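Trainee: predicted model, plus sequence, below.
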Amino acid sequence: MRSAENARTTPPPPPRPDLDALVAEVARGDQEAFTSLYDAVSGPVLGLVRSVVRDPAQSEEVAQEVLVEVWRTAARFRPDKGSTMTWVLTMAHRRAVDRVRSVQASAEREHKAALLDQMPAYDHVTEQVETRLEQQRVRRCLGALTRLQREAVTLAYYRGLTYREVAQLLTMPLGTVKTRLRDGLIRLRDCLGVSA
Amino acid sequence: MTAADLHTATGAYVLHALPPTERAAFERHLAVCGACAQEVRELAATAGRLGLAVAAAPPPEMKQRVLQAIGTVRQEPPKVSAPGRVRTWARSLPRMALAASLAAAAALGGIAVWQHQSAEDAREQARESRQQAADLAAVLAAPDARSATGKLGDGATGTVVVSRARDRAAFVASQLPELPDGKVYQLWFDDGGSMRSAGLLEGPGAGSATLMDGPVGKASGMGVTVEPAGGSRQPTSTPLGLVTLPG
Ligand SMILES: [Zn+2]
């Protein structure tokens, strides 16, 4: 099934510097290796955190915490369980989500209309060719999802909502939202040609 | 939640969209469900692509602040010296089960959040590791077990024991030199020229048997390489040696 699907996928992005090897050096306390790793991951980390947290000052704060966390826990990284970038972005997303959920009560989150109004936060202009290519691929593949899949995935990922909040916002049963999150990501995986 | 509910939670899990109690329940399931673990790896990588697409240019001051901060932050040591999904079966089973449960906890560390293992998870994994020890014993004792030995350079040899009926293999090395810190021996299945990781070799000096990770499948041989701590997804060095699997 996936091979048929794969015939229509876009090729994955070009190889990056060997981040796994850098993490191994960082784990041994190599600050120079950390600087190289920082250069490779800080842009995605900050962009992702901003899309969830929104407030620029808070976003920077969270991004810094994530990057220091990378330094602190490099020895715990397991390359056979996923790429460095996935590891770092998983941490970044988790921290960003924790931040918005902890402040949610005090500052009522954006209005439903505002949340549904825009697709992912592609509003950060970037000069990087690679990022722009990645945006095109992701945008195209998001466009290949059903509307419900797309809304559910983007609300959860780019806005940091729980699936219960997504269900409320989209007035859908809980079970349906959970399923859409999964089959939406599976379709994205196949469209983007992700393997792990 | 029913088991079916748990299997469908992979997407919500990687998106951090599960409330804490459901998240904990799913993580317990994840520790014992290989299909979900694989799907979580793939979907987490997919979510990462959504993150890459919104990359921004960080201000230069941020770099200064982070580099300054790491100078004052102590790094955590690795969870175990030789992390592994591979368990050695050498000494007494209870000791082995404890060590392996720690190793199993470390093996789940790729997704940062999996690292928070509850005591209950550890017990679950101890049960699982006893299962691994039993599997290893079963391979070595299988009626159809066949072995083959090959050279691993400098007088070292490796012997692989294969049970086709059980579709599993075990590996024993002798005289393999100690590696410097930060290096590990990694085992590979050779699937007609493409190498598939079969886990890390623990305590290579001890001459104890290690259950190789994953099914033998169509593998025609196996190899051993030296890799950075934690292992690699693909070999990054020339194999010390390759052993053709016995029929
Ligand atoms: Zn499952």
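Mentor: Looks like it came in fine.
Trainee: in the chain, which spans are helices?
Mentor: Just so you know, I chose chain A. Along chain A, the stretches classed as helices by DSSP state H are A:2-6, A:19-27, A:31-53, A:56-73, A:84-103, A:112-117, A:129-143, A:147-159, A:163-170, A:174-192.
Trainee: that answer is for a different chain, and I need it for chain B
Mentor: With DSSP H as the criterion, chain B has helices spanning B:3-7, B:10-14, B:20-30, B:34-52, B:60-70, B:93-107, B:119-141.
Trainee: now do A:Arg132: how many residues are near it, please.
Mentor: The burial count assigned to A:Arg132 is 15, neighbours taken as other Cβ atoms under 10 Å in any protein chain shown. Just so you know, the C-beta spots here come from the backbone N, C-alpha and C atoms, and that holds for glycine as well.
Trainee: surely B:His7 and B:Cys33 touch.
Mentor: Yes. Using Cβ atoms under 8 Å, B:His7 is in contact with B:Cys33, at 7.2 Å.
Trainee: just give the nearest non-adjacent residue to A:Trp71, would you?
Mentor: In space, and not counting its chain neighbours, A:Trp71 is closest to B:Ile70: 4.4 Å by Cβ to Cβ, 6 or more residues apart in numbering or on different chains.
Trainee: tell me the pLDDT of the residue nearest to B:Val224 when sequence neighbours are not counted.
Mentor: Nearest residue to B:Val224, sequence neighbours excluded (Cβ to Cβ, 6+ apart): B:Leu240, at 5.0 Å. At B:Leu240, the model reports a pLDDT of 81.
Trainee: could you list every residue that touches B:Leu240?
Mentor: Residues counted as contacts of B:Leu240 (Cβ atoms under 8 Å, 6 or more residues apart in numbering or on different chains) are B:152-153, B:156, B:223-226.
Trainee: got phi/psi on it?
Mentor: B:Leu240 adopts backbone torsions of phi -70, psi -30, taken as degrees, to the nearest 10.
Trainee: now do B:Val32
Mentor: Dihedral angles of B:Val32 (phi, psi; degrees, to the nearest 10) stand at phi -120, psi 0.
Trainee: can you report how many residues lie near residue 38?
Mentor: Using chain A here. 23.
Trainee: ah, no, chain B please
Mentor: 12.
Trainee: below-threshold pLDDT in chain A: ranges please.
Mentor: Along chain A, the parts satisfying pLDDT under 70 run over A:1-17, A:103-128.
Trainee: could you list the domains of it?
Mentor: A:2-118, A:128-192 (automatic domain parsing).
Trainee: for B:Met212, find the nearest of these.
Mentor: If you check each of the domains of chain A against B:Met212 by Cβ to Cβ, domain A:2-118 wins as the nearest, at 13.6 Å.
Trainee: mind listing what's buried along stretch A:94-103?
Mentor: A:94-97, A:99-101 (16 or more other Cβ atoms under 10 Å in any protein chain shown).
Trainee: chain center to that stretch: distance?
Mentor: Stretch A:94-103 sits 14 Å away from the centroid of its parent chain (Cα atoms, centre = their mean, to the nearest Å).
Trainee: contact partners of it?
Mentor: Residues outside stretch A:94-103 that contact it (Cβ under 8 Å, 6+ apart) are A:48-49, A:52-53, A:58-59, A:62, A:65-66, A:69, A:109, A:160, B:16, B:112-113.
Trainee: also stretch B:167-179?
Mentor: B:135-136, B:138-140, B:152, B:154-163, B:185, B:187, B:189, B:198, B:201, B:204-205, B:207-212, B:215-217, B:222, B:224, B:226, B:245.
Trainee: rewinding a little: kindly reformat the domains of chain A as JSON lines containing distance to B:Arg168.
Mentor: Converted to JSON lines, the domains of chain A look like this (distance: least, Cβ to Cβ, whole Å):
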{"stretch": "domain A:2-118", "distance to B:Arg168": "18"}
{"stretch": "domain A:128-192", "distance to B:Arg168": "29"}
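Trainee: does stretch A:152-170 reach chain B?
Mentor: Yes. Residues of stretch A:152-170 contacting chain B under Cβ under 8 Å from any Cβ of the partner chain: A:153, A:156-158, A:160-164, A:166.
Trainee: distance check, the residue in chain A positioned nearest to the ion against A:Thr90.
Mentor: The nearest approach of chain A to the ion comes at A:Arg182, 11.3 Å away (Cβ to the ion). Computed as Cβ to Cβ, to the nearest Å, the A:Arg182 to A:Thr90 distance reads 17 Å.
Trainee: ok, now B:Ser232?
Mentor: Counting by Cβ to Cβ, the separation of B:Ser232 from A:Thr90 is 20 Å.
Trainee: same question for B:Ser174.
Mentor: Distance, B:Ser174 to A:Thr90, by Cβ to Cβ: 40 Å.
Trainee: and if you look at B:Met212?
Mentor: In terms of Cβ to Cβ, B:Met212 sits 28 Å off from A:Thr90.
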